[in-house]
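Chemist: Structure for this input, please:
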Amino acid sequence: MQILGLDLALFLAALAFMEGFAWFTHRYVMHGFLWVWHRSHHEPRTGMFELNDLFAVVFAAPAIVAIYFGVHGIPWLLPIGLGVTAYGAIYAVFHDGMVHQRFKVPLGKSRYWRQLIQAHRIHHAVHTKDGAVSFGFLLARPVRELKAKLRERGVGV
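Modeler: Numbers count the residues shown, from 1 in each chain. You can find the predicted model right below:
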């Protein structure tokens, strides 16, 4: 039973860690030196995929490795890999489904989901590498603060 508690703690820690990691990566990598990939996400999509989708492959690789080694000899890696995978699944449903409607998923009706959807749409009000706000995916500042920050930067929303 104690191992199950540790597994749950590792799973939840990995899931929570991923929001901070995703924020940092979105802010400083995607809107930084790998803007060449991420730019496709701030432009109208012309097909089923965009270059930005390569990030899903990059982020999935460590989770796959952790799950593999978690099953084959290093058991504490399994809940970490599953936590990272769970974050990826939540991200896919929220970001690709609810926000960008790349596949059919009901829009979130709660205040929380509405705020996240609005915050991400405000992020997309900027079509360039610099000047965007709201880089998180499951946590977002209040919409009025994000709009005020964009107005300060000269972007109308």
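Chemist: can you count the residues close to Met98?
Modeler: Applying other C-beta atoms under 10 Å, we find 18 other residues in the vicinity of Met98. C-beta: built from backbone N, CA, C; applies to glycine.
Chemist: now swap in the one 5 residues further on and tell me
Modeler: The burial metric for Phe103, expressed as a neighbour count using other C-beta under 10 Å, is 9.
Chemist: residues of stretch 76-96 that come out buried?
Modeler: Of all the residues in stretch 76-96, those buried under the rule 16 or more other C-beta atoms under 10 Å are 77-88, 91, 94-95.
Chemist: Equivalent analysis for stretch 56-75, please.
Modeler: In stretch 56-75, residues buried by neighbour count (16+ other C-beta under 10 Å) are Phe59, Ala63, Ala66, Ile67, Phe69, Gly70.
Chemist: returning to that earlier point: now flag whichever of the buried residues of stretch 76-96 is closest to Leu54.
Modeler: Sorting those by distance to Leu54 puts Gly88 at the head of the list, at 13.9 Å, by C-beta to C-beta.
Chemist: which residues are contacting the longest helix along the chain?
Modeler: Ranked by number of residues, the top helix in the chain under DSSP state H is helix 2-25. Under the criterion C-beta atoms under 8 Å, 6 or more residues apart in numbering, residues 55, 76, 78-84, 86-88, 91, 135-139 lie in contact with helix 2-25.
Chemist: Ok, stretch 33-40 next?
Modeler: For stretch 33-40, the external contacting residues (C-beta under 8 Å, 6+ apart) are Met30, His31, Glu50, Leu51, Asn52, Leu54, Phe55, Lys129.
Chemist: Among the buried residues of stretch 76-96, which are located in helices?
Modeler: Judged by DSSP H, the buried residues of stretch 76-96 include 77-88, 91 as members of helices.
Chemist: now these as CSV including distance to Arg114?
Modeler: CSV is the format used below for these (distance: C-beta to C-beta, whole Å):
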residue, distance to Arg114
Leu77, 36
Leu78, 35
Pro79, 31
Ile80, 31
Gly81, 32
Leu82, 29
Gly83, 26
Val84, 27
Thr85, 26
Ala86, 23
Tyr87, 21
Gly88, 23
Tyr91, 18
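Chemist: Out of these, which one has the lowest pLDDT?
Modeler: Lowest-confidence member of those: Tyr91, scoring 91 (pLDDT).
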